[in-house]
Structures are given as structure tokens and as C-alpha cells.
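A.B. asks: Coordinates only, no sequence provided:
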């Protein structure tokens with residue numbers, strides 16, 4: 001899959017049969033995941049495409065761009081269905097609601113906006129943030145929206161009215177990541193002030209605070225059952241903790257920035273990758289290192305297969321590797337890239353891998 005310039009975003013459709021990518025060449029492209037044939041090219045953006053995603057039914061695509069617009073495309077024809085031009089600065093985050101009827105977007109213009117995915121009408125403009133909105137997402141039931149901002153706040157909004165329901169102001173630096181719990185009752189946030197916090201989504205009460213990181217938090221993620229939180233930090237540490245009891249596990253071993261974290265589907269293992277050129281699997285119950293993958297000479301990114309039995313990794317040495325989770329053995333290595341591999345992910349059925357690179361290509 002060749003594009004004209006660097007790929008900024010690539011995602012599978014929900015059925016795993018197609019891939020959508022956004023690029024610095026200003027295009028959105030749809031690919032057949034099994035043949036790598038380009039099915040559609042969606043042209044219209046006039047600057048880099050920063051964020052892309054499929055609708056839940058896979059029939060539409062949403063894209064956000066540094067041309068300040070959000071656009072919806074027909075995934076089967078490539079036709080532009082809607083364009084939303086209300087933002088006045090770069091768009092950093094876009095997403096469909098769980099029912100596919102609405103779009104949420106966050107921008108450097110400090111606003112969160114909600115759009116009707118069918119008519120293109122702007123339903124709400126949420127202007128309370130005082131700095132760039134870094135992350136936006138609908139709640140699992142679609143009734144609320146969470147946003148995290150460089151103004152140090154996390155906010156919850158009523159998706160139907162646009163009213164601000166809650167505001168969490170205890171972070172003392174930019175909020176880098178926010179997530180709803182699986183039941184939508186709690187919010188977890190990570191910040192550049194080295195802390196993670198859990199909040200009651202209905203009352204804004206802070207339920208837990210963890211300040212054990214000694215550098216800013218790069219990412220936070222909830223375990224599949226929503227009972228634990230895994231975090232990674234700029235100093236290479238990976239930690240798991242239980243928001244109800246504050247029981248903390250720490251996984252030490254990375255020697256550079258821990259760039260990504262993820263849980264196995266059963267929540268029993270943690271995968272982390274680092275600029276220290278390794279990927280590691282940890283036992284979430286006792287922090288023991290289960291596996292370490294050192295086959296790379298440069299920074300890596302990684303992911304877990306849906307069944308938790310394999311690891312995929314991408315590296316700045318231009319390769320993609322697949323590893324056996326239980327033995328640590330390398331099963332496959334793919335060497336076709338000519339520049340850094342920036343992201344890797346398994347398809348929903350675990351049979352395919354999509355990867356993107358600074359060599360301007362997306363490959364399956």
C-alpha cells in the first residue's frame with residue numbers, strides 16, 4: 001500500500017476486512033486488507049490528515065485534518081458525504097458515537113464540537129477549555145463525552161445537550177490521555193504532571209490518585225474488565241494498579257521511554273514497548289517479567305493479538321516481527337520497509353497485521 005508521503009493514521013474496519021489511512025499527502029485511502037488493493041481514495045482535505053476512523057457499521061469514515069475541517073466519506077465509493085468547517089485551528093481528535101449517528105471532534109481552537117453525522121449540522125459547541133483539546137471520546141452508552149486538554153482539565157459533557165456535567169481540575173499540567181471505564185461510571189486520566197487519577201463520572205469526586213511516576217505519563221489504558229489501569233511513563237516505567245484498592249504493581253526493566261502499553265484480552269498480562277529497543281510481557285498479578293523481545297536495534301511499537309498468544313512489534317530498524325507470547329520465540333519477520341515502522345496492530349480475528357511506516361506505505 002503506497003501513499004505519496006508519511007502515513008499519520010491507519011485503522012482496521014470493525015470486521016477487519018478493510019483499512020483506512022490518513023496521510024501527509026492530504027488524502028484518506030481505503031484498502032482491501034486481504035489483497036492490499038486500494039479500494040478508494042478520498043481527496044478534499046487541503047492539509048495533513050491527522051485522525052481517521054470507521055463508523056461502527058464500517059460504511060462511513062471520519063477524518064480530521066490540519067486544514068481545520070472534519071469530513072465524512074462513503075467507505076464504499078469514496079464520495080464525501082459531509083464537511084464540518086466550524087473549527088478555526090488544527091483538529092487533533094475525532095470519533096463516531098457508538099450508534100454512528102454523531103461525530104465528536106477536538107481542536108487546537110480549544111473547542112469540542114458535536115456534529116450530526118447525516119445532516120452535517122453542528123449540534124453543540126463546547127467552549128470551556130482554555131487550551132488545545134488533546135483527546136475526545138464518547139462514553140460506552142453514547143450519552144456523554146469526555147475531553148482532556150492542555151489546560152490541565154478533564155471535562156464530561158452531556159452529548160444530547162452540550163451541557164458541561166463535570167470538570168476535574170486537580171491536574172497541574174497538560175492532560176495527555178483520558179478514558180471512560182467499561183461501564184462508563186469512572187474516568188481515568190494521565191498527565192504530564194506525572195500523575196494518574198480516577199474520577200467518579202457522575203459526581204466529579206476524585207476516587208484515587210497515583211503520583212508514583214517520576215516522569216510524565218505517556219499513556220493510560222483500562223484493563224478489559226475495567227478493574228485495573230496500566231500506565232507508561234517517559235522514564236521507562238510501566239505500572240498497574242487497582243483503582244478500588246490502590247494496590248500498585250511496578251514493572252522495572254525498560255531503560256528508556258515506555259512508549260505504549262496494553263493488556264491481554266483476559267487482563268492477566270501486560271505488554272509494553274520502549275525506546276530502549278525491547279518489548280516485554282509481564283504478569284499483571286505479581287509484576288514478574290514473562291518474556292522479553294530484544295531482536296531490535298531501534299525503538300519499537302507493539303501490540304497483542306486478540307487471543308493473547310502472539311505479539312507484533314514494529315521498529316525503527318524498518319522491520320515488523322511476530323513473537324510467541326509464551327515462549328518468546330520470534331515466529332516471523334517482515335523486512336520490506338525502508339524507513340521507521342510507526343504503528344502495528346492485529347486485525348480483529350488475529351489473522352492479519354496492518355503496519356504503517358515513514359517510508360510512506362501501509363502494509364498488511
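C.D. replies: Received it, and whenever you're ready, just let me know what you need. Fair warning: this is a prediction, and the values are worked out from it, not measured in the lab. Numbering: from 1, shown residues only.
A.B. asks: Distance of residue 270 relative to residue 179?
C.D. replies: Distance, residue 270 to residue 179, using CB to CB, to the nearest Å: 16 Å. Where you see a C-beta, it was placed from the backbone N, CA and C, and this is true even at glycine.
A.B. asks: neighbour-wise, which of these two wins?
C.D. replies: residue 270 (27 against 20; other CB atoms under 10 Å).
A.B. asks: residues near the residue nearest to residue 101 when sequence neighbours are not counted, how many?
C.D. replies: Of all residues not flanking residue 101 in the chain, residue 117 sits nearest, at 5.6 Å (CB to CB, 6 or more residues apart in numbering). By the criterion of other CB under 10 Å, residue 117 has 21 neighbours.
A.B. asks: same check, this time on residue 183
C.D. replies: When neighbours are counted by other CB under 10 Å, residue 183 comes out with 11.
A.B. asks: where does the stretch 51-200 of the chain have low pLDDT?
C.D. replies: For the stretch 51-200 of the chain, the stretches with pLDDT under 70 are 194.
A.B. asks: make it 80
C.D. replies: Applying pLDDT under 80 to the stretch 51-200 of the chain picks out residues 51, 171, 176-177, 179, 181-182, 190-197.
A.B. asks: ranges for the strands of it?
C.D. replies: In the stretch 51-200 of the chain, the strands defined using DSSP state E, counting those that start in this stretch lie at 60-65, 70-74, 80-84, 91-96, 102-107, 112-116, 122-126, 133-138, 144-149, 154-158, 164-168, 175-180, 186-191, 196-200.
A.B. asks: Any chance of CSV for those strands, columns distance to residue 19?
C.D. replies: What follows is those, written out as CSV (distance: least, CB to CB, whole Å):
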stretch, distance to residue 19
strand 60-65, 11
strand 70-74, 14
strand 80-84, 19
strand 91-96, 17
strand 102-107, 20
strand 112-116, 24
strand 122-126, 29
strand 133-138, 21
strand 144-149, 27
strand 154-158, 31
strand 164-168, 35
strand 175-180, 24
strand 186-191, 28
strand 196-200, 32
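A.B. asks: between these, which gets nearest to residue 28?
C.D. replies: Closest to residue 28 of the strands of the stretch 51-200 of the chain, according to CB to CB: strand 60-65, at 4.9 Å.
A.B. asks: what's the angle from the closest one to strand 70-74?
C.D. replies: Relative orientation of strand 60-65 versus strand 70-74 (axes from the mean of the first three to the mean of the last three CA atoms, to 10 degrees): 150 degrees.
A.B. asks: Pull up the pairing partners for strand 60-65, direction included.
C.D. replies: Next to strand 60-65 in the sheet, as set by DSSP bridges, lie strand 49-54 (antiparallel), strand 70-74 (antiparallel).
A.B. asks: nearest to residue 151, of the ones you listed?
C.D. replies: Closest of those to residue 151 is strand 49-54, at 19.8 Å (criterion: CB to CB).
A.B. asks: tally of neighbours for the closest residue to residue 169 other than its chain neighbours?
C.D. replies: Spatial nearest neighbour of residue 169, excluding adjacent residues (CB to CB, 6+ apart): residue 153 at 5.3 Å. Using other CB under 10 Å, residue 153 has 20 neighbouring residues.
A.B. asks: same question, the one 3 residues further on
C.D. replies: Residue 156 sits with 23 neighbouring residues when counted by other CB under 10 Å.
A.B. asks: same check, this time on residue 147
C.D. replies: When neighbours are counted by other CB under 10 Å, residue 147 comes out with 25.
A.B. asks: how near is it to residue 24?
C.D. replies: Using CB to CB, residue 147 is found at 26 Å from residue 24.
A.B. asks: and if you look at residue 165?
C.D. replies: Applying CB to CB, the value for residue 165 to residue 24 is 37 Å.
A.B. asks: Check residue 318 too.
C.D. replies: In terms of CB to CB, residue 318 sits 19 Å off from residue 24.
A.B. asks: now residue 68: how far from residue 127?
C.D. replies: From residue 68 across to residue 127, the span is 16 Å (CB to CB).
A.B. asks: Name the residue in those two with the higher neighbour count.
C.D. replies: residue 68 (20 against 13).
A.B. asks: Run through the residues that contact that one.
C.D. replies: 85, 87, 88, 89, 90, 91, 107, 109 (CB atoms under 8 Å, 6 or more residues apart in numbering).
A.B. asks: Residue 178 contacts residue 189, correct?
C.D. replies: Yes: the criterion here is CB atoms under 8 Å, and residue 178 meets it with residue 189 at 4.7 Å.
A.B. asks: Need the overlap of contacts for the two.
C.D. replies: Both residue 178 and residue 189 are in contact with 148, 154, 220, where contact means CB under 8 Å, 6+ apart.
A.B. asks: re earlier: residue 310: which of the strands of the stretch 51-200 of the chain is closest?
C.D. replies: Residue 310 sits nearest to strand 175-180 of all these, at 24.8 Å, using CB to CB.
A.B. asks: Please name every helix or strand in contact with the closest one.
C.D. replies: Helices and strands touching strand 175-180, by 3 or more CB pairs under 8 Å, 6 or more residues apart in numbering; DSSP states H and E, are strand 133-138, strand 144-149, strand 186-191, strand 217-222.
A.B. asks: Return the list of strands paired to that strand, each annotated with direction.
C.D. replies: strand 186-191 (antiparallel).
A.B. asks: Setting aside sequence neighbours, what's the nearest residue to residue 199?
C.D. replies: Counting by CB to CB, 6+ apart, residue 199 lies nearest to residue 187, which is 4.5 Å off, once chain neighbours are set aside.
A.B. asks: What is the neighbour count of the one you found?
C.D. replies: The burial count for residue 187: 26, using other CB under 10 Å.
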